[in-house]
Structure formats: C-alpha cells, structure tokens
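**Q** Pasting the sequence and the predicted coordinates here, then a few questions.
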Amino acid sequence: MVEKASNGVKTIAVIFGGRSAEHDVSIITAHIPIIQSLQASGQFDVWPIYISKNGKWYADKAMNDFAFFKRPDFESILSRQKPVRLSFENGLGISWPGVLSKSVRIDVVFPSMHGTYGEDGSLMGLLRMAGVPFAGCDMFASAVAMDKAFTKQVLFAEGISVVPFCWFTRAQWETENVQIKKRIAELSWPVFVKPVHLGSSIGITKVKKESELENAIEVALHYDDKVLVEESVEELTEVTLPIMGNDIVQTAEVERPLNKAEFFDFKDKYLSGGKGGKSADGALYKYSEIPADIGAEMTASVKELGARVYRVLGCSGTARVDFLIDNRSGRLYVNEVNTLPGTLYQHNWKKAGVSNMDLVLKLVALAEERFESQKNTTRAFNSDILSKIRGPKAQ
Amino acid sequence: MKALFSRYHPRYMRSLVYMLQASEYNIRDYLAWYGRTRDFSRVEKRKRLEKTPKALALLAVSWAAVLIVGAIVVTGILAADNMSHVAAVGLLITFPFVLPYVLAVAILVLRVIQWPVERYITSQAARALARHPAVKIAIAGSFGKTSMREILKTVLAEGKKVAAPPGSYNTPLGIAQFVRTLSGDEDVLIFEFGEYYPGDVRKLCELVEPHLGIITGINEAHLEKFKTIERTAATIFELADYLSEGPVYVNGENELARSIAPRDSIFYTRDGARRWRAKNASTNLAGTTFILESGDEKIEVHSELLGLHMLGSLAAASDIASRVGLTNAQIRSGLARTQAFEHRLEKRTDSAGVITLDDSYNGNPDGVRAVIDFLSSLTGRRRWYVTPGLVEMGPRKREVHNNIGRELAAAGIEKVVLIRNSVTPLIEEGLKESGYTGEIIWFDEGLAAYAALPHMTVAGDVVLLQNDWPDQYA
C-alpha cells in the first residue's frame, strides 16, 4: 500500500540523529525549529526519520513530538519497531517491510543531522542519488566545510584571510611525529588543536605550552583521524553570521557569542541554559550579543566577507560563517563554515526579522529551486565508446 | 461511530465528572454541555479533572452505578428466559445515556446534604465580619473586578493593613473560607462579588455588609445565564441598592452602568474620580504615565499597567485611598507599584525579543475594545491578535464579534489569528466588511496556535492573547 499525503500537501522527511557526536543536538534542531514550524505551517505531511546511534533508520510520526526523545526509554521503544527501508525508485520512498507493508513517497527532505554522515555530504550524496530535493547545502560544500583544513586551504587559495595553520593525519602523526612537532613549533603560540571534522567544539584544546601538546593531539585523534593546529588570536572578538540563499544570498545579524569559558565549547553552545535553567531551543542566544557591537564598518565587512565565503565554498540553502577579529590589528579572519548551524540559528534570524516558519519554508523553497536547476543540467550523453571495445557481441 | 462508542469507554465517566467540575457543579450548564457533546473521548482539552473530594465521590458514584448495572446485566444474561436477555442487552445499551442524569441527581442529593452545613458556615462568617472593625469594600461588575481589587490592594497597602480573598473566591462559601484566615487587625477588607443569577449580589451584601462599593461595569458576560442585560444590570446594582447611604463608585466609561447608576454615585473615568483630575496621560509598552490634580495638590504617576483605560480605576483607587487616610506620597508610591495581574494584559518578553501581552482572562467586549485601542497606539511593530472569540454573548453574539473585527481592521492590526469555532467567523465577517488588509490565520485549536506562534513571530513583534475558551464552551 502506498500512502499519499491527503489534500495536496507535500510529504517532507526530516532526517536526524545519526552516528555522530552531535546526535542529541541534531534531535533539537530537527524539532525546534524544523518539525514544529513545518507542522505549524499546515503545508506538509511531516515524516520524522531518526537514525539511531547504531545506524538504524526509524520513521514513526510519534517522533514528531519532541517529548518522545525526552522519554528515558525511547531507545528501547524504537528497538521494538521495524527499521524503515529506503527505495530510490522514481525519487525517494520509505517503506516498512512485512505482512502489513506500507510505503510513503517523499517529496522533499530536510536533513537535520549535524556532524559525521549528516553534515559532511554523505547524506546529501545519498539524497542526490535518490533524486529528491533536500534543504541546506549540497554535497560538495558540505564535504569541504566539514573539513576545517580543506576549508582553510580553499579560502586561502582564494585570498581570504585565515589564521596560520598546519594539519596532519593519524598515520602521519604516528610516523612523522618530529617533523609535525617542528611545523607546529613554527606557528606562534598558543595554538588550538582541533579534530578537523567535528563541530560543536568537541575535542578542541587550547595549548599554551609544549608539554600540553601531545595530550591535546591525542584528544583530537580520539575523535578524528585528521587534526588541525592553528594559531590562537589572543585579543579576540569572535563573531558569527548565518546566511541563506542559493544564487542570491541574505544575511542574518552578526552575532557575538559571549563566552563564559576561554573558548566556546560544546557546553556553552548547547547545555548552559542561562539563569532560568535549561532552554528548549539551544540556549545559545543567552550568551550572545545580537547584533554584535562591533561598529557599522566591521559589521559591513563581516557581511560582505561572509557572502563571499558562502559563494566560494558553493554553499546553498543555509550556512553559518564564523569569524575571528583580532582586536589588536583589527584584522578579520574566517575561522570556519558550518553548513547546518544548530537549530538553524533561528534565534538570530528572529532578530533579523525572519520567523522560524519563514526560515524553514524558505529553505524548502530553495531546495526545490536548486533541484529544478540541477535537473536542467545534462549529466549523461550518448557515446559509442562501448562499441569500440573489442569483445564478443551480444547475440 | 467513534463518538458513539466514546460513551462506552471507561473514560466516559471521568469526562462526565470533569464536565460537572468545569461547570462548577451547575446542573443547567452541565446538562447543556452534555447535550452539545457528541464525542466524550476528548473533553479535557484545556484543563484536567482535579481530584477533589467531590469529584472523587462522583467518580465513586459512577463506578458504583456501573457495578450495579453490570451485575444486573450479567444476571439477565444468565437467566433462562429471552425476555431477561433482551432486557439485559437493552440496559447495557441505554445505561451510558442515563448515567449523566444519575450524576445530576447525585449532585442534587449532595446539595440537600450540604445546604444546612453551608448555611451554618456562612452565618458564622457573617457574624465574624460584623464584629470585624475594618472598612469593607465590595466590588461588583461584569468585568474588571480582579484588576480593581489588585489595584486597590496595592495602593491601600502603602498605608493600611489590607486583606482580600485570593483568586476568585467570590461566592458566599469562598468568602467564608477567607474570613477564617483573618487576624482581626486588618484596616481594610476588599471583596469581589461574583454574580451568576439574580439575588447573588444581594446575598453577598448581607454577608459582608460593605461600607463602600465599586461597580466596574455591565456587559454581556454571563448573558446566557441572565437572559437579558437588564437582569445582569439589576443584579450588579443590588450593591448600590444595599449601599443607599454609603459611597458607590461607578465606572463612568461603561455606558450602561452610567445610565442606570443612582444620581449620587461617584463616577470614575480616564478624566479622574471625585476630587482627583487626571491629566497629561500617555501610555506605551512601558506603562502609563499621568498627573493627578486636586486644587493645588499634584501627584505624578507612573504605573506599569498598560492602556489609558486603566486610568479610571487608578483614579478611583487614589480617591478611596484619600478617603481612608493615605497621604499623597503614599498614594503616589502605591500607584507606582501597580502592575498587571496574571493574564490581564500581562507583559512578557521572551529571549527572542517577542513581546506577549497575555490578556487571556479578559473576555468581555469593553475590555477587548480597550485593549485593541491600546494596540492601535503601538506603531512601528508587527501586532498579532490571537483570539477564540468571546463566550456567553447570547443574542448579541453577532454584533459583538462583528465589532471586534471592525475594530481590529480600524486599528490596522497586521495579523489576526483566529481559533475555529462558532463565533470566530463573525470576527472574520467584521474584518472583511471593513476592508481589512492584514493577514487572517486560522487554527483548529487554541493550543495549536499557541504552539505555532513562537515559530511565526520575530523580535519586536507584539502578540496579544485575547481570552481563553474554556472546555465547556466547546
């Protein structure tokens, strides 16, 4: 039985969870604002697709309610359910095998998975193969932005300022330890040691003296097989800018996170709930200044550079560009690009006059626009190359 | 079909008891609600059954009835003759239709038992009040009683020891309960008089024996119970009748109250009350500012209450404060402490910068007009007006709701969010008739709208939540 959404509404799948360190944050993003706004708009039949920490895919409308994931036994409830299967026949379909088999055609996908597999282009590759429009950045931008070293290399090649850095893989660290240490020693200290693929500041250490370096690298290599070491800007103002659009881009407000710790770590980003306790929507804004008080000129530079970075990396849908301002020199550096900002940075867009619903609906529209334009690109052409290869002909 | 079967679900009994509780055990209201309801599986939408002793007793009565009927049915089925079988099945089918009336009878029986007890409790309270030396102030009216009580309490507390029953303790039993908590050294006691049926206010006057009365206005609230607005007016003015000697303050901005008030009433309006004249008034989201003048005396006032319609009440409270002996300085600091009471144009700003004005306890046409008037003064930001409409408007339903639509259109409110029910299409009618150019957004249920609003608003928006639609009006 194929189920079709009634009264002409589109069927949208929101994919979240996943085998990533940011699994839980992904659940928050999926619900607040994505699923809740999609439902409030009344324009969609929303199918939540949750990927468990062990990689099983589940789809059940009960998961549209955020409260489901606050139940201590939600994992055991899901483990009793049949995982969902994907089909790529004429677009994307999900189905549940068995006697009472059921399948649902998906018109649009809203990926809401942070980090590995979700934000690194893997999921996007899958959705491209399926031939279904999906919200947010495409595979190429996601893959580059996911790797902090690649990002810096691409930006550097385009003449965009990034702080001096070096990178190495686990294998290199094991075999070329001395040379790597030498390269790191040439940077001006203190330095940051970061796993290149992880978001939400996981596994990042600020290293002030040499004796701390090895330990910091071990921590980073615990999470990743590639590590970035970069100079720390000591008198620093960090700012960040959410951007949306495909060919025409729109910037939100420049935001300044007001760090409690020395740098902005996972706890600050998602767990500190402010004076009033935990907040459902990420609590990020509690420690943010929006718009950042950095003067009109710097604000304009940030917005201009942000839009340039967005285009250079080929972002579409939405992304957030993080910047470092060196207070001593007044120089502006691009730090990294996040292709699926936690909770879509809805708190910032709200201050910029874009409601959650406007944001989510716009991202769906941008997804469809990109899909249409990609359809018009010819990807196959007829050749006679096969006939030129010698061998037996089919009878 | 599902609706029909909802009567055979164990939850049905709980639903019936909830309906009784939500109707405040008023059998007429409960039976009217029962008559309107088809599906009993989802009656508790806004609230839940509170497990009070009365509610538990009624649940017990229901279960007892089920057990008795169950026993009869089983006996009937086990009997040898066909007649018994038919009777058993017939009883099984009809029982859920009889149960609501069994509960109504149970309430009546309970009332007969309670009557002498209640009578004793209230007469004790009356005696205690008669002995109490405090100045007793009574507030009656279709709307604005709680706000008036809170303003008075706040202002008078600057110089006097004041007590007032909390919440909506405005029935004889509620007041009796409150009287037991008094220590005897209070200077002023303030009472809200609730009115549901003719004679209610007179009975409360006899219990409290007030020295001073305030009539906040008359409108269509509870019109379905009173049938005519004249009967509502007569009931509320039972307070003025009782206080033929004492001072009665009447809201002069309420036309009906003004037209029937005795000649010696003291009218309070946004221009002032008795000795105090209000001047240079202005209001915005930070509150209301004005000057009270009386001859050479002057009080510069800032209150956090929103809207110029609050001026009259503030002036009346100031005048009563002068009467009971507060100095101008005390009045000034008392007025400065006045702020919105729960769900009455109560302002909240969330972390995203969206300002919500919770006016969910304001469900009367005068209050609504005043609030729309206030909203119209807030320019330069998007304004959202969210309402399920007003209840108990009786024959004036169309006129009242059309008017709300017209007023919203005239005020240029950008977004009107309507909850689908029997009255909101009338608001839409009023809006369209007046060439409304903003956006009308529909939701099937209030809770869905409340859940969606945070996703639809942006920093700087003002969202007004007007009135709540209790389950019994579903």
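**A** All right, it came through fine.
**Q** In a strand, B:Val89, correct?
**A** No: B:Val89 is assigned helix when assessed by DSSP: H, G, I helix; E, B strand; the rest coil, not a strand.
**Q** now it: how far from B:Val61?
**A** Relative to B:Val61, B:Val89 is positioned 24 Å away (CB to CB, to the nearest Å). Glycine gets a C-beta too; all of them are placed from N, C-alpha and C.
**Q** who has more neighbours, these two?
**A** B:Val61 (20 against 13; other CB atoms under 10 Å in any protein chain shown).
**Q** just for the chain, where's the confidence low?
**A** Using chain A here. Residues of chain A that meet the criterion pLDDT under 70 lie in A:1-7, A:199-200, A:259-286, A:378, A:393-395.
**Q** please go with chain B instead
**A** Using pLDDT under 70, chain B drops low at B:168, B:469-474.
**Q** For stretch B:1-9, buried residues please.
**A** B:Ser6, B:Arg7 (16 or more other CB atoms under 10 Å in any protein chain shown).
**Q** how long is that stretch from one end to the other?
**A** 13 Å (CA to CA, to the nearest Å).
**Q** what residues does it touch?
**A** The contact list for stretch B:1-9 (CB atoms under 8 Å, 6 or more residues apart in numbering or on different chains) reads B:Tyr12, B:Ser15, B:Arg38, B:Asp39, B:Phe40, B:Ser41, B:Pro96, B:Phe97.
**Q** okay, now the closest residue to chain B within the stretch 1-150 of chain A: neighbour count?
**A** Proximity of the stretch 1-150 of chain A to chain B (CB to the nearest CB) peaks at A:Ala40, 3.3 Å away. When neighbours are counted by other CB under 10 Å, A:Ala40 registers 23.
**Q** do B:Asp296 as well
**A** Neighbourhood size, B:Asp296 [other CB under 10 Å]: 5.
**Q** still on that earlier bit, among the contacts of stretch B:1-9, which ones are in strands?
**A** Counting by DSSP state E, no part of the contacts of stretch B:1-9 is found in strands.
**Q** Out of the residues you listed, who's the most crowded?
**A** Busiest of the contacts of stretch B:1-9 [other CB under 10 Å] is B:Phe40, holding 24 neighbours.
**Q** From B:Pro100, how far off is that one?
**A** 10 Å.
**Q** Also A:Lys182?
**A** 87 Å.
**Q** The two: which has the busier surroundings?
**A** B:Pro100 (24 against 11).
**Q** quick one: secondary structure of the more buried one?
**A** helix.
**Q** how many other residues sit next to the closest residue to it other than its chain neighbours?
**A** What sits nearest to B:Pro100 in space, not counting adjacent residues and going by CB to CB, 6 or more residues apart in numbering or on different chains, is B:Tyr34, at 5.1 Å. Using other CB under 10 Å, B:Tyr34 has 19 other residues around it.
**Q** check which helix or strand covers B:Tyr34.
**A** helix B:27-36 (DSSP states H and E).
**Q** Could you look up the next helix or strand downstream of that helix?
**A** Using DSSP H and E, the helix or strand that directly follows helix B:27-36 along the chain is helix B:53-78.
**Q** Could you list every helix and strand that that next one packs against?
**A** Judged by 3 or more CB pairs under 8 Å, 6 or more residues apart in numbering or on different chains; DSSP states H and E, the packing partners of helix B:53-78 are helix B:11-22, helix B:82-131.
**Q** got the buried residues for that helix?
**A** Applying 16+ other CB under 10 Å to helix B:53-78 flags B:Lys54, B:Ala55, B:Leu58, B:Leu59, B:Val61, B:Ser62, B:Ala65, B:Val66, B:Val69, B:Ile72, B:Val73, B:Gly76 as buried.
**Q** picking up where we left off before, most tightly packed of the helices and strands packed on helix B:53-78?
**A** Greatest average neighbour count among these goes to helix B:11-22 (a mean of 22), per mean count of other CB atoms under 10 Å in any protein chain shown.
**Q** which residues touch that helix?
**A** Residues contacting helix B:11-22 (CB under 8 Å, 6+ apart): B:6, B:30, B:33-34, B:37, B:40-41, B:43-44, B:47-50, B:52, B:54-55, B:58-59, B:62-63, B:66, B:96, B:99-100, B:103, B:107, B:470-472.
**Q** What parts of the stretch 251-400 of chain B come near chain A?
**A** B:Ser351, B:Ala352, B:Gly353, B:Val354 (CB under 8 Å from any CB of the partner chain).
**Q** Among those residues, which are located in helices?
**A** Among these, no member falls in helices (DSSP state H).
**Q** tell me the two of those residues that are most distant?
**A** B:Ser351 and B:Val354 (8.9 Å; CB to CB).
**Q** Those two: which has the busier surroundings?
**A** The neighbour comparison of B:Ser351 against B:Val354 (other CB under 10 Å) goes to B:Val354, with 22 against 17.
**Q** Identify the residue of chain B closest to chain A, quick one.
**A** For chain B, CB to the nearest CB, closest residue to chain A: B:Ala452, 3.3 Å.
**Q** I'd assumed A:Ala40 was in contact with that residue.
**A** Yes: assessed by CB atoms under 8 Å, B:Ala452 is found in contact with A:Ala40 at 3.3 Å.
**Q** quick one: common contacting residues for these two?
**A** Going by CB under 8 Å, 6+ apart, residues that sit against B:Ala452 and also against A:Ala40 are A:Met357.
**Q** Can you tell me which residue is spatially central in the chain?
**A** In the absence of a named chain, this looks at chain A. A:Leu340 (2.9 Å; CA atoms, centre = their mean).
**Q** oops, I was thinking of chain B
**A** B:Tyr361 (6.1 Å).
**Q** Grab the nearest non-local neighbour of that one.
**A** B:His343 (4.0 Å).
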